[in-house]
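Asker: sequence first, then the predicted structure:
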Amino acid sequence: MLPDDTDARLVERLVARDERAFTTLVRTYERRVFALLLRMIGNRAEAEDLAQEVFVQVFKAIGSFRGESKLSTWIYRIAINLCKNRSKYLRVRHSGQEEQLEALQERAPLGDAKGANVANVERPDEMMAGKQVERIVQTAILELEPTFRECLVLRDVEDLSYEEIGAITGLPEGTVKSRIHRARAQLKELVESALGEKIA
Amino acid sequence: MTDPHQPDDDDRDSRAMRDLVKRSLSGDAGEGDAPDLVRGVQRRLRKRSRGKFFADGWSTAQNRTSYVLVALVTLLLVALAYFSLGPMDVR
């Protein structure tokens, strides 16, 4: 992430249609934008396509960036909006996520999943169990309501503040907190249902 | 749809779920396997602007080495031309 004064200089160059500045911008934010979209949409090819579209929109709309929020927040907002539109489109086409939680029925019990919880994994079977739990969580996140998922990912994965999430999603801070709380509750239910046991 | 309790990350359940989410999603889009988006973005902009942006090798070059190289070669040629043609006394 670029510091604010660097952001301001970069934006000036972008507004002046400096192509090299734009390449710098893409290089700076591509990984974070791609990671966010992948977590939101769950499909690598779609996430890559969408991430490219995000930067095209940034290039087109940079003149309307007023500097009232951080540049990264503004880019995230574009990413989240495009992601919502794409998700709707994919849902209509029934080509959203393909993997269902049921596909993970052949899993080890959560109690064996030490690999998901500790840094030092000694046994391969424990590591496998840990990986399975991670996979279940990844799939369960895609099952969440999109409005809940975006708040949860921005908070728990991107480590953004409630204020920043509010600026990105256009929601009041209280609603952001509420959605994150509900998302975690939904996620817990989904994971427990897939595992067939309670999460401690 | 604001929750009256305004929950935050401090309660034990939230912390546990947050850790689980973080762990589970930290590896799926690691820095190492993120795709290179620059060329794709430049291609889209070139196409949509009908060649106005990112239309030549200068704007799409991945680093500045080529600039420096061409500048040095040009300077060298100018210097060679100067010293081979310039200092001749015609008197």
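Answerer: Nice, I can see it. The model shown is predicted, which means the values in this text are computed figures rather than measured ones.
Asker: quick one: the helices in chain A?
Answerer: Secondary structure of chain A (DSSP state H): helices at A:4-15, A:19-41, A:44-61, A:71-92, A:124-143, A:146-152, A:162-169, A:173-195.
Asker: for residue A:199, the count of nearby residues, please.
Answerer: Neighbours of residue A:199 under the rule other CB atoms under 10 Å in any protein chain shown: 16. Heads up, the C-betas are built off the backbone N, CA and C, glycines and all.
Asker: again, but for residue B:69
Answerer: When neighbours are counted by other CB under 10 Å, residue B:69 comes out with 10.
Asker: tell me where the model's unsure across chain A.
Answerer: Residue ranges of chain A with pLDDT under 70: A:1-3, A:94-129, A:200.
Asker: tell me the centre residue of it?
Answerer: Central residue of chain A (CA atoms, centre = their mean): residue A:36, 3.3 Å from the mean position.
Asker: state the distance from the closest residue to that residue other than its chain neighbours to chain B.
Answerer: Distances taken as CB to CB, 6 or more residues apart in numbering or on different chains place residue A:79 nearest to residue A:36, at 5.9 Å, with adjacent residues excluded. Distance, residue A:79 to chain B, using CB to the nearest CB, to the nearest Å: 12 Å.
Asker: check contacts around residue A:79.
Answerer: Residue A:79 sits next to A:33, A:36, A:37, A:50, A:51, A:54 when contact means CB atoms under 8 Å, 6 or more residues apart in numbering or on different chains.
Asker: just send the helices of chain A back as TSV, with distance to residue B:45 too.
Answerer: Output for the helices of chain A, formatted as TSV (distance: least, CB to CB, whole Å):
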stretch	distance to residue B:45
helix A:4-15	12
helix A:19-41	8
helix A:44-61	6
helix A:71-92	15
helix A:124-143	31
helix A:146-152	27
helix A:162-169	24
helix A:173-195	33
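Asker: just to revisit the earlier point, how much space separates the residue nearest to the centre of chain A from residue A:24?
Answerer: Look at residue A:36 and residue A:24: by CB to CB, to the nearest Å, they are 19 Å apart.
Asker: which of the contacts of residue A:79 has the most neighbours?
Answerer: Within these, neighbour counts (other CB under 10 Å) peak at residue A:51, which reaches 29 neighbours.
Asker: excluding covalently adjacent residues, which one is nearest to that one?
Answerer: Closest residue in space to residue A:51, ignoring its immediate chain neighbours: residue A:34 at 4.5 Å, by CB to CB, 6+ apart.
Asker: give the contact list for that neighbour.
Answerer: If you count contacts by CB under 8 Å, 6+ apart, residue A:34 has them with A:47, A:48, A:51, B:29, B:34, B:35, B:37.
Asker: what's the neighbour count on residue A:145?
Answerer: Residue A:145: 11 surrounding residues under other CB under 10 Å.
Asker: for the closest residue to it other than its chain neighbours, give me its contacts.
Answerer: Here the nearest residue to residue A:145 in space, its sequence neighbours aside, is residue A:186; by CB to CB, 6+ apart that works out to 7.2 Å. Counting by CB under 8 Å, 6+ apart, residue A:186 touches A:144, A:145, A:148.
Asker: mind doing that once more with 10 Å?
Answerer: Neighbour list for residue A:186: A:140, A:141, A:143, A:144, A:145, A:148, A:149, A:152 [criterion: CB atoms under 10 Å, 6 or more residues apart in numbering or on different chains].
Asker: so the first one sits against residue A:184, correct?
Answerer: No - counting by CB atoms under 10 Å, residue A:140 sits too far from residue A:184 to count as a contact (11.1 Å).
Asker: contacts only, for residue 18.
Answerer: By default, I'm working from chain A. Residues in contact with residue A:18 (CB under 10 Å, 6+ apart) are A:10, A:12, A:24, A:25, B:59.
Asker: ah, no, chain B please
Answerer: Residues in contact with residue B:18 (CB under 10 Å, 6+ apart) are A:152, A:155, A:156, A:157, A:159, A:180, A:184, B:9.
Asker: hmm, which helix or strand of chain B has the shakiest average pLDDT?
Answerer: Every helix and strand of chain B was ranked by mean pLDDT, DSSP states H and E. The lowest is helix B:57-60, at a mean of 64.
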